[in-house]
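Novice: Dropping the sequence and predicted coords here.
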Amino acid sequence: MSYKEDTLCIHAGYEPGNGEPRQIPIIQSTTFKYDTSEDMGKLFDLEASGYFYSRLQNPTCDMVAAKICALEGGSAGMLTGSGQAANFYSIFNIANCGDHIIASATIYGGTFNLFSVTMKKMGIDFTFVSADCTEEELHAAFRPNTKAVFGETIANPALTVLDIEMFARVAHEHGVPLIVDNTFATPINCRPIEWGADIVTHSTTKYIDGHGGTVGGAIVDAGKFDWMKYADKYPGLTTPDDSYHGIVYAEKFGLGGAFITKATAQLMRDFGSTQSPQSAYYINLGLESLHVRMPRHCENALAVARFLESSDMISWVNYCGLPGNKYYERAQKYLPNGSCGVVTFGVKGGRKAAEKFMKNLKLASIATHVADARTCCLHPANATHRQLNDEQLAAAGVSPDLVRFSCGLESAEDLIADIAQALEAVRE
Ligand SMILES: *Cc1c(COP(=O)(O)O)cnc(C)c1O
């Protein structure tokens, strides 16, 4: 039986048996016991599936990964300790030193840093293209050693909307997968796999947890990309892994299982950016109300965006749910039920005015966070994006006066009143 997202938020990933706990059990154990060394040996050889050490896999984490996987419509999923780890693994699982990746320039500052500084040091080269690039421009960015294309459904904080269908089509024409970070939209508002994405990543820290309580990430594989068809490009999946007695992931685990099994068995084993069962439990609590919370975040954001648009203290407002926005049409296609709770805008008077505005907010708090129940506000040029120079800031879609306002679940009336009084304080 197939269920709607609302039902999956509550029930997917765990089905208690007779007399078993209704809530997912927190299996707070590093290790798992076996009767014989042979039993355990089979797990180490990936000949049998089961748990042996929670750095690689833990039942609680797997239940939550299965829920996110069901919501995204994927074939397999895994949790990671953070969104950063999810994005790192999603690429490092298929790209090595000497390879090349194409990424949208308007991506989260932390991801931009990971790609352009840290992964570059590992010998992986990135070309950043505009989220608004044409099909021809995207084609032109490909090289013989390109291994994937990466973008965000709704970029944080530029709020560009990715043309997922076009990006997927071009990626597939070049025989590489499209990886989409779906953090801001969540599977409630967009399921990138339905538009052709091959791998979906999340910072569960944001709306999925939704309460500002738990850092985490997730990776979901659509199970549709045929690694064997491009065997030369993806030797990690299509040639024997000596660290597991020569198994070939794409052969042994097939389309649906190869990517996540390799990421778990190799990357999690070696890098260990694992999620804890306790945190997975909290993430699951968040998931149980995701479908109820998302519409309210969007409703509040639209009300705030409309108010800002009407204010003479604001130089510009960016919210893709706002008619007239550059991405409105694209958002109607990919995000017909709403986009996210984040609105960006510029206060007249630039950087100084933005700082004064933020200082005067009473309800919205200044926090390096978005997408939780409490409204928060950030000046990215001073925080998440302060490592970027002006040119990179512009490419990332972050102007120096940009204020990122993440609408929580409070009353929209109270949020608007707070913004109004803070703007009046700037006028004085
Ligand atoms: C926050 C965020 C990340 C990084 O996630 P962490 O959980 O903070 O590591 C990645 N992508 C997007 C779109 C984000 O908003």
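Specialist: All right, it came through fine. Small disclaimer: the values here were computed from a predicted structure and weren't measured. Residues are numbered from 1 along each chain as shown.
Novice: Measure how buried F112 is and give me the count.
Specialist: By the criterion of other C-beta atoms under 10 Å, F112 has 23 neighbours. Backbone N, C-alpha and C define where each C-beta goes, glycine included.
Novice: Was I right to think it contacts L388?
Specialist: Yes: if you go by C-beta atoms under 8 Å, F112 and L388 touch, sitting 7.4 Å apart.
Novice: Name the residues contacting each of these two.
Specialist: Shared contacts of F112 and L388 (C-beta atoms under 8 Å, 6 or more residues apart in numbering): A396.
Novice: Show the residue spans covered by the helices in the stretch 151-300 of the chain.
Specialist: 164-173, 186-189, 235-238, 249-252, 254-262, 269-271, 277-310 (DSSP state H, counting those that start in this stretch).
Novice: and the shortest one, what does it pack onto?
Specialist: When you say that, I think you mean helix 269-271. Judged by 3 or more C-beta pairs under 8 Å, 6 or more residues apart in numbering; DSSP states H and E, helix 269-271 is in contact with helix 83-92.
Novice: and if we set it to 7 Å?
Specialist: Contact partners of helix 269-271 among helices and strands, from 3 or more C-beta pairs under 7 Å, 6 or more residues apart in numbering; DSSP states H and E: none.
Novice: Pick the most deeply packed of the helices of the stretch 151-300 of the chain.
Specialist: Comparing the helices of the stretch 151-300 of the chain by mean neighbour count (mean count of other C-beta atoms under 10 Å), helix 186-189 comes out on top with a mean of 27.
Novice: Give me the contact list for it.
Specialist: Residues outside helix 186-189 that contact it (C-beta atoms under 7 Å, 6 or more residues apart in numbering): E5, L71, E72, Y207, I208, L290, H291, M294, L335, N337, G338, S339.
Novice: can you put these in JSON lines and add distance to S49 and pLDDT?
Specialist: Converted to JSON lines, the contacts of helix 186-189 look like this (distance: C-beta to C-beta, whole Å; pLDDT from 0 to 100):
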{"residue": "E5", "distance to S49": "27", "pLDDT": "96"}
{"residue": "L71", "distance to S49": "22", "pLDDT": "98"}
{"residue": "E72", "distance to S49": "21", "pLDDT": "98"}
{"residue": "Y207", "distance to S49": "31", "pLDDT": "98"}
{"residue": "I208", "distance to S49": "25", "pLDDT": "98"}
{"residue": "L290", "distance to S49": "28", "pLDDT": "98"}
{"residue": "H291", "distance to S49": "30", "pLDDT": "98"}
{"residue": "M294", "distance to S49": "33", "pLDDT": "98"}
{"residue": "L335", "distance to S49": "36", "pLDDT": "98"}
{"residue": "N337", "distance to S49": "36", "pLDDT": "95"}
{"residue": "G338", "distance to S49": "38", "pLDDT": "97"}
{"residue": "S339", "distance to S49": "38", "pLDDT": "97"}
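Novice: Format these as CSV; extra columns: distance to F150.
Specialist: Below are the contacts of helix 186-189 laid out as CSV (distance: C-beta to C-beta, whole Å):
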residue, distance to F150
E5, 25
L71, 21
E72, 16
Y207, 20
I208, 20
L290, 24
H291, 27
M294, 24
L335, 19
N337, 25
G338, 24
S339, 20
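Novice: Quick one: residues contacting the spatially closest residue to K362 that is not a sequence neighbour.
Specialist: Spatial nearest neighbour of K362, chain neighbours left out: D418 (5.6 Å); criterion: C-beta to C-beta, 6 or more residues apart in numbering. Taking C-beta under 7 Å, 6+ apart, we find D418 in contact with L361, K362, L363, A364.
Novice: so after the helix or strand that contains T111, what's the next helix or strand?
Specialist: Following DSSP states H and E, one finds T111 within helix 109-113. As assigned by DSSP H and E, the chain's next helix or strand after helix 109-113 is helix 120-121.
Novice: At the geometric centre of the chain, which residue do we find?
Specialist: Geometric centre of the chain, nearest residue: H202, 2.7 Å, by C-alpha atoms, centre = their mean.
Novice: How many neighbouring residues does the residue in the stretch 201-350 of the chain that the ligand sits nearest to have?
Specialist: Closest approach between the stretch 201-350 of the chain and the ligand, counting by C-beta to the nearest ligand atom: S203, at 3.0 Å. Around S203 there are 29 other residues, counting by other C-beta under 10 Å.
Novice: Distance of it relative to G83?
Specialist: 2 Å (C-beta to C-beta, to the nearest Å).
Novice: shared neighbours of those two, anything?
Specialist: The contact sets of S203 and G83 overlap at T183, G217 (C-beta under 7 Å, 6+ apart).
Novice: Would you point out the helix or strand in the chain whose mean pLDDT is lowest?
Specialist: Counting by mean pLDDT, DSSP states H and E, the chain has its least confident helix or strand at helix 390-395, which shows a mean of 78.
Novice: residues in contact with that helix?
Specialist: A105, F128, A381, H385, P400.
Novice: Lowest pLDDT pick from those?
Specialist: By pLDDT, H385 ranks lowest within those, coming in at 76.
Novice: nearest residue to it other than its sequence neighbours?
Specialist: Excluding its sequence neighbours, the residue lying closest to H385 (C-beta to C-beta, 6+ apart) is G109, at 4.5 Å.
Novice: how far away is that neighbour from T204?
Specialist: Distance, G109 to T204, by C-beta to C-beta: 18 Å.
Novice: So between those two, which is more surrounded?
Specialist: T204 (31 against 20).
Novice: For that one, which residues are in contact?
Specialist: T204 neighbours (C-beta under 7 Å, 6+ apart): G216, G217, A218, I283.
Novice: and the ligand, which of those reach it?
Specialist: Filtering the contacts of T204 for neighbours of the ligand using C-beta under 6 Å from any ligand atom leaves G217.
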